[in-house]
Structures are given as C-alpha cells and as structure tokens.
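S.K.: Sharing a sequence plus its predicted fold:
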Amino acid sequence: MDNKEDINNGGWNGDVREPFIHQRKDVIDEEDTSTYHDGSSGGNHWMVYLCTVVAVCGSYEFGCGVGYSSPTQSAIMEDLSLSIAEYSFFGSILTFGAMIGAITCGPIADIFGRKGAMRISCAFTIAGWLAIYFSKGPLPLDIGRLATGYGMGVFSYVVPVFIAEIAPKELRGALTALNQLMIVAGVSVSFIVGTVLTWRALALTGLIPSVILLFGLFFIPESPRWLAKTGHNKEFEGALQKLRGKDTDISNEAAEIQDYIETLQQLPKAKMLDLFQRRYSRSAIISVGLMIFQQFGGINGVCFYVSNTFESAGVSSSLGTTIYAILQVLVTALNTIVIDRAGRKPLLLVSATGLVIGCLLTGTSFYLKEHGLAVNSVPILAVTGILVYIGSFSAGMGAVPWVVMSEVFPINIKGAGGSLTTLVNWIGAWAVSYTFNFLQEWSSYGTFVLYAATNVLAIVFVITVVPETKGRTLEQIQAAMNA
C-alpha cells in the first residue's frame, strides 16, 4: 500500500526502479551476463526476423503512398481532367489522413493489439488503393487518398513499436531501423516503376504489401509485452517462447517484463494529458523533440525542391531523382547495420552535423546565384549540398527518432505517447511542405540558413537531452528515463 501511495504521489524514481533494479538486480546487472542473456540475447531468432519482415511490409506500404503522387501527376490530371488545384488537394489530403491515423493509432494499438492495429491499417490502405484504381472523378480519388493516408498514419506508429517490443536488445535498433529503410524503398520503387506503369496499374501495386502483411500476420505472434499488459499471461509466455526459440530459457526475461508491467499497473490509467506529468515528461520531450527537429530541419522542403535543383545543375530531373533515391536507400541500409554498434546518439549527432553542412552548401549556391557570383560553381554546390543533406538525413535523423520513440515510453503510456509523437511528426511534415514556397519567396538562401540553424539546435538537443539506449532492455531504458 505504501508503495502504491508513493507512486501516485510522484515517487517514480525509487519505486519504479525497485522491482527490477534491486529485487532483480541479479538479472539485469550489466556485469552479469549468465542466464538472463541466454534468454533474451541468445536462442534462435528466426521468428523475430519473420515478424520483422512481415511488419515492415507496412513500412513499404507507407513508402508506396508517399511516392505515388509524383510520377502520376500528369497522367491523372489528363485522364480525369483535374485542375492543378484539384490535384494538389489530392496530393495533400494524404497528410491529413495520416494525422487522423496518428491521433487514433495509440488507442487502436492498445485496445486491439499491435497485430490488430496492422490489420485495421491494411483494411484502410486496401480500400484506399481500390478507390483510387476505380476513380472516375476527383471525389473517389480523394477518398481513396485519405484512406491510404489514414493507414500510413497508423503504420508509422505501430510498425516500429511492434518490432521494438519483440526484438532482443542487441538486434532492436537494427530491426526497428528497417522501418525507415522500407519506407524509402517504397518511395523509390514507386517513383521508378511509376515511370513505366499507368497510374491505375501503379495503384494496384500498392495493394501488394498490405495483402502480404495481412497474410503474414496469421503466422507470427502478438507482441508479448502487449499480451502481458492486457493480462494474457499464458499467451504472453507462449509468444515470448516462440520469439526466443523453443529451447531457450525465457524465465528471467519474462520475469523482468512482468515485474515492470505489474509496477506500471499500480499507476492510474494513463491519458494523453498524463504525458505532461513529471514521471513521463522526459520520455515525451525526447520523443517529440526528435520529431520536431527531424521535420523542421527541412527534409520535406529539400525533397520538394530536388527536381528543380538537379535541373538547374544541368542534370535531368529523372536521372537526378533516381540518384537521390538510390543514395537514400543505400545510406539507410547502412544505418540499419551500424545502429546497434555505433549507438543511437552518435548517429544522430553525425547526421545532424551533415544536415548543417548540406544546408549551408545549398544555401551558399543560392546566395552566389542571386548575387551573380562564381556562377559556374552554383550547380556543383547545389547538387553536392542536396546529396550531402539526404545522405546525412538517411544516416540518422530519418530512422533513429522512430527507433527512440519506440523505446522510451513505458507500455502503459505508449499508446498516448506514440499518438502524440506521430501527430507532431505529420503536422511538421505538412508545415514544412506548406511554408517552403513562402520561404523561398522571402529568401532562397535564407531558407537553407534557417534549416541549418534548426539542425544546429538539434545537435544541442541530442547532446543535452537524448540518452543512449543501445544494448539495454526496454524496461531498463524506461526506468532510467525517470531515475
């Protein structure tokens, strides 16, 4: 009873750590790598890999939706006699659908489970793509785009959370980073394939990842942490055993998860406003802060301008964008390999530093062009700046904020925290895309100086606020967050 009262009165620091720092110190001590590591870090991981492959089909679906509008614009406008305003609305309504998905994704994942949320998301994306395919006018086209956007909003939260909750700690960063890799792969493939397929055929290809995901969900277990949280203890142990291998001793890992869940359940049921309480505020600041810097560092503005930048450099826009897409995929793939070795924080710092350099190079090119200085250097500086920028973004700021978001929230507040974080991300994406042209009219080089300054602030934020989470269980991370 005293323990519960202490927690309710804000005594998070001692009481939440007690059950598994002191009582189970023999389990999680960094120096003790005996039985516990045999359970969580050893064993056969094939089921974890299968779960990840199935889940990131949702990430690929996300990328298909983002990449659809670019190669299909002229064909859709011609076939359906759309004005530029009508097509612009079609393109932008995806973001509003994703915002709605972001608001609802946390409660859906908490009530129906991680697999249930993915099934619901698949239903929306499949319905959306079919509506686009059969469209004869702007209304069904927009409804389909809104539905796919909603599914994307849910996927952007539930996929990294599901992967983080099933993966052992030494694989969690790499497997969660596959989320971003598959997003950029989906964008790139849609852009390239869209140059040879009709817009209706390209919409049908968008069905493929959702159908594979729906089918694959029948063969993988639910998140054991969600099962433990909802009181399905028998299913929890079965899912954890399946993920770690039938001959692996899961007793210590299961006990740590159960201890932490039991401690959290002593707290009042968490709501969105609870994120602003002291016990959760650091997790919220870290997660939301990273998303703000990810978006307001200018990524959507830079992507928006990439074709024009390459054209001004004398490179065909299709070739330039293909190079851009390939670089993005390759660097993101490299990120998944090194994230559990280098750590989250070093990658964020290297990435943000590269973003500053990329912005300054691009801004300098615009400054020289505007003032008629070193005209021959302008194209090279512009292209170099864009490539440095996207390479740097893919190296850390693209994937790592989603990894950290999936790690820092305790499971009792993860739904509310994930909804808020994902909503902030989508609002930021819309805001940067919307303001980019206005900023360019104000000052073409000043726009990139502004983005560079934002990324400098991101470096300060990462150094002073963001913790390193590699090599630690989710329970250790979330307890240390409030220590």
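M.R.: Yes, it's here. Numbering: from 1, shown residues only.
S.K.: contacts and neighbour counts: CA atoms only from here.
M.R.: OK.
S.K.: where exactly do the helices run in the stretch 301-450 of the chain?
M.R.: In order along the chain, the stretch 301-450 of the chain carries the following helices (DSSP state H, counting those that start in this stretch): 317-342, 344-370, 378-392, 400-408, 414-442, 444-464.
S.K.: so for the shortest one, what's the average pLDDT?
M.R.: In this model, helix 400-408 has an average pLDDT of 90.
S.K.: 17 is where my numbering starts, stick with that
M.R.: In the new count, where the first residue is 17, that last one comes out as helix 416-424.
S.K.: Run the angle between that helix and helix 360-386 for me.
M.R.: Our comparison of helix 416-424 with helix 360-386, counting by axes from the mean of the first three to the mean of the last three CA atoms, to 10 degrees, yields an angle of 150 degrees.
S.K.: doesn't residue 362 make contact with residue 483?
M.R.: No. The pair residue 483 / residue 362 is not scored as a contact, 10.5 Å apart, by CA atoms under 8 Å.
S.K.: does residue 122 really touch residue 431, like I thought?
M.R.: Yes. With contact taken as CA under 8 Å, residue 122 and residue 431 are classed as touching, separated by 3.6 Å.
S.K.: joint contacts of those two?
M.R.: Overlap of the contact sets of residue 122 and residue 431 (by CA atoms under 8 Å, 6 or more residues apart in numbering) is empty.
S.K.: what's the span of stretch 227-246 from first residue to last?
M.R.: Taking CA to CA, to the nearest Å, stretch 227-246 runs 28 Å from one end to the other.
S.K.: ok, and what's touching that stretch?
M.R.: Under the contact criterion CA under 8 Å, 6+ apart, stretch 227-246 has outside partners 63, 66-67, 70-71, 73-74, 126, 129-131, 134-135, 138, 142, 178, 181-182, 249, 251-253, 255-256, 258-259, 273-274, 277, 427-428.
S.K.: who touches residue 209 in this structure?
M.R.: When the contact criterion is CA under 8 Å, 6+ apart, the partners of residue 209 are residue 218.
S.K.: just residue 252 next, same as before
M.R.: Under the criterion of CA under 8 Å, 6+ apart, the contact partners of residue 252 comprise 239-241, 243-244.
S.K.: Out of the residues you listed, the closest to residue 194 would be?
M.R.: Out of those, the one with the shortest distance to residue 194 is residue 239. That distance is 17.6 Å, counting by CA to CA.
S.K.: Next, count neighbours for that closest one.
M.R.: For residue 239, the number of neighbouring residues by other CA atoms under 10 Å comes to 24.
S.K.: Let me see the confidence value for it.
M.R.: 93.
S.K.: next one: phi and psi at it?
M.R.: Backbone torsions for residue 239, taken as degrees, to the nearest 10, come to phi -60, psi 120.
S.K.: Surely residue 470 is in contact with residue 313?
M.R.: Yes. The pair residue 470 and residue 313 passes the contact test of CA under 8 Å, sitting 5.5 Å apart.
S.K.: thinking again about what came up before, among the helices of the stretch 317-466 of the chain, which comes closest to residue 292?
M.R.: Using CA to CA as the measure, helix 430-458 is the one of these that comes nearest residue 292, at 10.2 Å.
S.K.: hang on, the earlier thing: among the contacts of stretch 227-246, which ones are buried?
M.R.: For the contacts of stretch 227-246, a neighbour count by 16 or more other CA atoms under 10 Å gives the buried set as 63, 67, 70-71, 73-74, 126, 129-131, 134-135, 138, 142, 178, 181-182, 249, 251-253, 255-256, 258-259, 273-274, 277, 427-428.
S.K.: Out of these, which sit inside helices?
M.R.: 63, 67, 70-71, 73-74, 126, 129-131, 134-135, 138, 142, 178, 181-182, 249, 251-253, 255-256, 258-259, 273-274, 277 (DSSP state H).
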